[in-house]
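>>> Pasted the sequence and its predicted model underneath.
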Amino acid sequence: MTSSNSLTNKREHLFRRLALLTVITIYLVIIAGGIVRSTGSGMGCPDWPRCFGRWIPPTEASQLPPNYQEIYGAKLKGEIEFNAAKTWIEYVNRLVGAFSGLLVFALLITSISYLKKDKRVFYGSLLSFILIGLNGWLGSRVVATELAPYLVTLHMLLAILVVFALLYVMTVSYGGHIKIEPITGSKAWVNQILLWTMILSVIQVLIGTQVREAIDEVIQRIGYTERHRWIDSLDYRFYIHRTFSLIILAFHLAAIYQLRKHSRETGLLSRLTNALIALVVIEILSGMVLAYFAVPAIAQPIHLTLAIVILGIQFTALLLLNADRLIKNQAVHLPHYSKV
């Protein structure tokens with residue numbers, strides 16, 4: 001019986017580590033996607049799943065068919081001359097995406113051991129696998145439609161849902177292995193503020209994808225060399241995004257205040273609150289850098305990734321806030337941190 005329990009514990013330990021690695025990898029996919037967008041490499045590979053008809057992309061124009069300009073000219077968005085850097089940026093993005101898919105599949109397989117103990121872990125892993133598969137297919141449609149704006153936005157929304165599904169699975173599987181401090185008073189108001197903060201943050205991210213589309217439109221009109229004119233040339237989408245950020249900030253401050261007010265001990269929830277404070281400040285600063293320093297390419301993926309990390313923290317905090325209902329038949333208030 002002891003041997004059986006030991007084997008089960010090892011499997012669950014492996015699952016938790018794999019869940020954490022998968023979440024980190026998904027964030028790397030988002031970073032890679034942000035780099036693709038910031039460098040204008042979305043059509044660096046004009047076909048899918050191959051790249052210029054090859055499984056290993058070319059590194060120079062001589063490796064392409066003599067008439068490659070006629071074949072791929074329209075899809076290259078006006079860049080008739082082959083650009084190896086953009087091709088490989090897009091290709092690496094695809095590789096990271098494929099690797100994340102394999103990890104999610106491995107997570108689904110290892111979650112089978114939870115079927116008897118907690119079926120939510122298995123079904124959450126199954127949902128993650130379905131969502132990432134759907135998003136992979138959607139990525140192919142983004143290429144096929146030459147970066148259709150509505151598909152780019154939907155692609156981002158699905159990526160956020162994948163993050164939420166994986167964080168749910170990870171949080172449930174870590175139940176009983178982390179210290180979650182008790183919350184004093186009624187949690188109803190805290191839950192509502194945190195939930196609305198998360199919803200508004202998702203909307204803000206999606207508006208941000210529209211701002212990026214507006215930047216692409218400006219680039220087509222005035223070109224890459226006029227980067228200092230991009231912000232001044234943007235339409236209403238940028239101003240909605242900028243104004244909406246003030247609302248997001250107000251909700252964050254209210255959520256942080258409520259979490260601080262109802263938390264009397266130091267634990268994981270307190271640590272997440274501290275991280276949320278720091279990341280919101282950095283996110284605001286990165287937005288200011290984009291607006292006032294001619295949209296530097298390096299700041300764009302940082303701004304996007306921070307937004308998704310903040311969403312992940314909000315969602316995890318919401319789960320931990322309701323740990324008494326989320327984690328069944330497991331101790332959640334531990335005297336110390338267990339080895340995970």
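The structure has been received and is ready for your questions. Bear in mind the structure is a predicted one, so any value in this text is a computation, not a measurement.

>>> hey, let's count contacts and neighbours off CA atoms from now on
Noted.

>>> could you point out where the stretch 201-340 of the chain is predicted with low confidence?
264-265, 326-340 (pLDDT under 70).

>>> how about the helices in it?
236-262, 268-292, 299-321, 323-326 (DSSP state H, counting those that start in this stretch).

>>> try the stretch 51-200 of the chain
68-72, 84-110, 119-144, 149-173, 188-222.

>>> So which of those helices is nearest residue 233?
Across those, residue 233 has its closest neighbour in helix 188-222 (6.6 Å, C-alpha to C-alpha).

>>> any idea how far the closest one is from the chain center?
13 Å (C-alpha atoms, centre = their mean, to the nearest Å).

>>> care to break this protein down by domain?
1-173, 178-340 (automatic domain parsing).

>>> if we can go back for a sec, take the helices of the stretch 201-340 of the chain and write them to CSV, including distance to residue 217 and mean neighbour count.
CSV is the format used below for these (distance: least, C-alpha to C-alpha, whole Å; neighbours: other C-alpha atoms under 10 Å):
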stretch, distance to residue 217, mean neighbour count
helix 236-262, 12, 16
helix 268-292, 17, 16
helix 299-321, 16, 21
helix 323-326, 45, 16
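
>>> Could you tell me the least trusted of the helices of the stretch 51-200 of the chain?
Mean pLDDT is lowest for helix 68-72 out of these, coming in at a mean of 68.

>>> Quick check: buried residues in the longest helix seen in the chain?
Counting by DSSP state H, the longest helix found in the chain is helix 2-38. The neighbour-count check on helix 2-38 (16 or more other C-alpha atoms under 10 Å) flags 11-13, 15-16, 18-19, 22-23, 25-38 as buried.

>>> swap in stretch 90-104?
Neighbour-count burial for stretch 90-104 [16+ other C-alpha under 10 Å]: 90-94, 96-101, 103-104.

>>> Could you do stretch 111-130 as well?
For stretch 111-130, by 16+ other C-alpha under 10 Å, it's 111-114, 118, 120-130.

>>> of all those, which comes closest to residue 256?
Of those, the one sitting nearest to residue 256 (C-alpha to C-alpha) turns out to be residue 124, at 28.0 Å.

>>> which non-adjacent residue is nearest that closest one?
Using C-alpha to C-alpha, 6 or more residues apart in numbering and skipping residues adjacent in sequence, the residue nearest residue 124 is residue 169, 5.6 Å away.

>>> now do residue 251
In space, residue 251 is closest to residue 197, 5.5 Å off (C-alpha to C-alpha, 6+ apart).

>>> Help me confirm that the one you found comes into contact with residue 255.
Yes. Between residue 197 and residue 255 there is a contact at 7.4 Å, judged by C-alpha atoms under 8 Å.

>>> For residue 199, give its distance to residue 49.
33 Å (C-alpha to C-alpha, to the nearest Å).

>>> what does residue 175 give?
39 Å.

>>> neighbour-wise, which of these two wins?
residue 175 (20 against 15; other C-alpha atoms under 10 Å).

>>> Report the contact partners of the residue lying closest to residue 305 once chain neighbours are set aside.
The shortest distance from residue 305 to any non-neighbouring residue, by C-alpha to C-alpha, 6+ apart, is to residue 31 (5.8 Å). If you count contacts by C-alpha atoms under 8 Å, 6 or more residues apart in numbering, residue 31 has them with 301, 302, 304, 305.

>>> Kindly report the same for residue 83.
residue 44.

>>> if we go to 10 Å?
Under the criterion of C-alpha atoms under 10 Å, 6 or more residues apart in numbering, the neighbours of residue 83 are 41, 44, 45, 58, 59, 60, 61, 76.

>>> can you check residue 222 too?
229, 230, 233.

>>> Can you give me the distance of it to residue 216?
10 Å.

>>> and for the two, which residues touch both?
What both residue 222 and residue 216 touch, as defined by C-alpha under 10 Å, 6+ apart, is the set residue 230.

>>> who touches residue 50 in this structure?
Contacts of residue 50 (C-alpha under 10 Å, 6+ apart): 56, 57, 91.

>>> From residue 92, how far out is it?
Taken as C-alpha to C-alpha, the span from residue 50 to residue 92 is 12 Å.

>>> now swap in residue 214 and tell me
25 Å.

>>> Could you do residue 120 as well?
From residue 120 over to residue 92 (counting by C-alpha to C-alpha), the distance is 33 Å.

>>> cool, and residue 194?
35 Å.

>>> now swap in residue 298 and tell me
For residue 298, the distance to residue 92 - C-alpha to C-alpha - is 17 Å.

>>> So residue 234 sits against residue 217, correct?
Yes. When contacts are counted by C-alpha atoms under 10 Å, residue 234 is listed as touching residue 217 (8.7 Å).

>>> Could you tell me which residues touch both of the two?
residue 211.

>>> circling back to that earlier point, what's the closest of the contacts of residue 83 to residue 322?
Looking across those and measuring by C-alpha to C-alpha, the closest to residue 322 is residue 41, at 41.7 Å.

>>> Pull the contacting residues for that closest one.
Contacts of residue 41 by C-alpha under 10 Å, 6+ apart are 33, 35, 76, 83, 85, 86, 87, 88, 89, 90, 91, 93.

>>> next one: residue 261
Counting by C-alpha under 10 Å, 6+ apart, residue 261 has contacts 183, 184, 185, 190, 255.

>>> State the distance from the first one to residue 312.
This points to residue 183. 20 Å.
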